[in-house]
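# Next input, structure requested:
(one chain, ligands or ions: 1)
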Amino acid sequence: MSLFKSMDNLEAKKEKLTPDGTSGSEHVKCLIIGSGPAGYTAAIYAARANMQPVMYQGMEPGGQLTTTTEVENYPGYPEGVSGPVMMEDFKKQAERFDADIRWGMATAVDFSNLPHKVTIDDKNVIEADTVIIATGATAKYLGIEAEKKYAGGGVSACATCDGFFYKGKDVAVVGGGDTACEEALYLAGLCHKVYMIVRKPFLRASKIMQKRVLNTPNIEVLFEHNTKDLFGDGVVEGAILLKKMGTPEEEEVKINIDGFFLAIGHKPNSEIFKGSLEMDEVGYIKTMPGTSKTNVEGVFACGDVQDKVYRQAVTAAGTGCMAAIDAERYWSEKQE
Ligand code: NDP
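As a prediction, this is how the structure comes out:
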């Protein structure tokens, strides 16, 4: 890195402090919200383009990949890599170029005037010439009362985080997509038995994942089953399922389990941008085709918060790169 670049970064950091040393309002060239593959890639590109990016990591530093086990399809890792290790590598790479990575969560935005304003942790307001949104998506729940009742007592949406607690026990995974298969396979390596609760008569997951699941002896797939309720004294001890729900053959089935894992998809983390940016009916931020540009100038979106089709680490990283390039070009044009 050149000396000039280090000095620029030093100046950018100094602006955070008022003369009495307390934190005051801060103006940045590029604010990145979110720290998954999209956010870190945007940080790497923006930092190398001298945009002195400031990143707020959000609730789940590293994003969804920190809840994944093995990533086998990210180019450059021929032997595969664990999700958390990969995200640590992304972070180190962004820090190498002096991206300013901070704890904190964006809690409100005001995109009505330039510079844009983003409130962090309900208190500090950051003024930003460009904002890159990389807030990702979050796991969905079924919406049954028991999920709340047993939160922290057997209900989880992350096998990698919580699977260890169920070593040698029986558990269930809800869902029939790639995530559910991944979670079931991970749990099968730890647990005595894994039920997959699948509402359709088939798995939606990729063929390779289906094959792995169906060839794993301690995974039992319960096709055409829905979850009615969970039971247990303080912690989950079992689930009540409905086989062929809503048909004349509907039947109640009870399984004894200690862990109940949700893997039924995700919802975009776009709540704070509602009313400020154009979104689709489920909350994915709309970007101009082929770009990361939102309908508001100087605001760019990348990764899963704007992608309901591909949702891969590599596509998230790709759109993070696009967002940084779009932001830098926008910023440079504004200086002319
Ligand atoms: P998906 O949307 O692909 O699958 C969700 C699953 O949950 C489906 O089987 C769906 O059933 C089921 N489901 C949804 N709502 C309910 C409900 N209320 N009750 C019961 N079941 C429900 O989500 P994933 O998270 O699995 O995957 C998202 C994307 O990420 C996909 O494109 C996937 O390929 C990709 N991915 C890739 C991985 C990899 O390559 N290593 C790993 C993980 C994900 P139904 O089929 O009936 O709708």
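
# Quick check: closest non-adjacent residue to the residue in the stretch 101-250 of the chain that the ligand sits nearest to.
The minimum distance from the stretch 101-250 of the chain to the ligand, using Cβ to the nearest ligand atom, falls at residue 177 (2.4 Å). Heads up, the C-betas are built off the backbone N, CA and C, glycines and all. Using Cβ to Cβ, 6 or more residues apart in numbering and skipping residues adjacent in sequence, the residue nearest residue 177 is residue 204, 4.8 Å away.

# Tell me how many other residues surround the one you found.
15 (other Cβ atoms under 10 Å).

# In terms of helices and strands, where is it?
Element membership of residue 204, judged by DSSP states H and E, is empty: it is in no helix or strand.

# What residues of the longest strand anywhere in the chain count as buried?
Longest among the strand segments of the chain by residue count, using DSSP state E, is strand 124-133. By 16 or more other Cβ atoms under 10 Å, the buried positions in strand 124-133 come out as 124, 126, 128, 129, 130, 131, 132, 133.

# In JSON lines: those, plus pLDDT and distance to residue 297.
JSON lines is the format used below for those (pLDDT from 0 to 100; distance: Cβ to Cβ, whole Å):
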{"residue": "124", "pLDDT": "94", "distance to residue 297": "24"}
{"residue": "126", "pLDDT": "98", "distance to residue 297": "18"}
{"residue": "128", "pLDDT": "98", "distance to residue 297": "12"}
{"residue": "129", "pLDDT": "98", "distance to residue 297": "10"}
{"residue": "130", "pLDDT": "98", "distance to residue 297": "9"}
{"residue": "131", "pLDDT": "98", "distance to residue 297": "10"}
{"residue": "132", "pLDDT": "98", "distance to residue 297": "13"}
{"residue": "133", "pLDDT": "98", "distance to residue 297": "14"}
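
# Can you name the residues that contact residue 149?
Applying Cβ atoms under 8 Å, 6 or more residues apart in numbering, we find residue 149 in contact with residue 230.

# near the ligand, which residues of the stretch 1-150 of the chain show up?
73, 142 (Cβ under 6 Å from any ligand atom).

# now the angle from the helix ranked longest in the chain to strand 124-133?
If you go by DSSP state H, the chain has its longest helix at helix 313-335. Per axes from the mean of the first three to the mean of the last three Cα atoms, to 10 degrees, the angle that helix 313-335 makes with strand 124-133 is 110 degrees.

# Tell me which other helices or strands helix 313-335 touches.
strand 26-33, helix 37-48, strand 124-133, strand 299-301 (3 or more Cβ pairs under 8 Å, 6 or more residues apart in numbering; DSSP states H and E).

# CA-only coordinates of stretch 242-251 in CSV, if you can.
Only the C-alpha atoms of stretch 242-251 are listed here, as CSV (Å, rounded to 0.1, in the frame of the first residue of the first chain):
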residue,chain,number,x,y,z
LEU,A,242,-49.3,-34.5,10.3
LYS,A,243,-48.8,-37.0,7.5
LYS,A,244,-50.6,-36.1,4.3
MET,A,245,-52.0,-33.0,5.9
GLY,A,246,-55.4,-31.8,4.6
THR,A,247,-56.2,-35.1,2.8
PRO,A,248,-58.6,-37.9,3.8
GLU,A,249,-55.6,-40.0,4.8
GLU,A,250,-54.3,-37.4,7.2
GLU,A,251,-52.6,-39.0,10.1
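
# Now tell me what touches that stretch from outside.
199, 222, 224, 225, 226, 227, 228, 252, 253.

# Report pLDDT for the residue nearest to residue 177.
Listed pLDDT for residue 204 reads 96.

# Looking at the contacts of stretch 242-251, which are in strands?
222, 225, 226, 227, 228, 252, 253.

# mind listing what residue 84 touches?
62, 65, 66.

# Doesn't it belong to a strand?
No - Residue 84: not assigned to a strand; according to DSSP: H, G, I helix; E, B strand; the rest coil it is helix.

# now it: how far from the ligand?
15 Å (Cβ to the nearest ligand atom, to the nearest Å).

# helix, strand or coil for the residue of the chain positioned farthest from its centre?
Most distant residue from the mean C-alpha position of the chain: residue 248, 39.8 Å away (Cα atoms, centre = their mean). Per three-state DSSP, the secondary structure class of residue 248 is coil.

# Quick check: phi and psi on it?
phi -60, psi -20 (degrees, to the nearest 10).

# Just the pLDDT for it.
For residue 248, pLDDT reads 97.

# Distance of it relative to residue 198?
Computed as Cβ to Cβ, to the nearest Å, the residue 248 to residue 198 distance reads 21 Å.

# Identify the bridge partners of residue 116.
Legend: beta-bridge partners of residue 116 under DSSP bridges are residue 128.

# contacting residues for it?
Residue 116 neighbours (Cβ under 8 Å, 6+ apart): 31, 109, 110, 127, 128, 129, 130, 131, 296, 298, 299.

# And the pLDDT for it?
98.

# Just give me the neighbour total for residue 135.
31.

# does it count as helix, strand or coil?
Assignment for residue 135 (three-state DSSP): coil.

# still on that earlier bit, list only buried entries from the contacts of residue 84.
62, 65, 66.

# so of those residues, which ones are in helices?
Going by DSSP H, the helices hold none of the buried ones among the contacts of residue 84.

# Out of the residues you listed, which is nearest to residue 316?
Taking Cβ to Cβ as the measure, residue 316 sits nearest to residue 65 out of those, at 9.0 Å.
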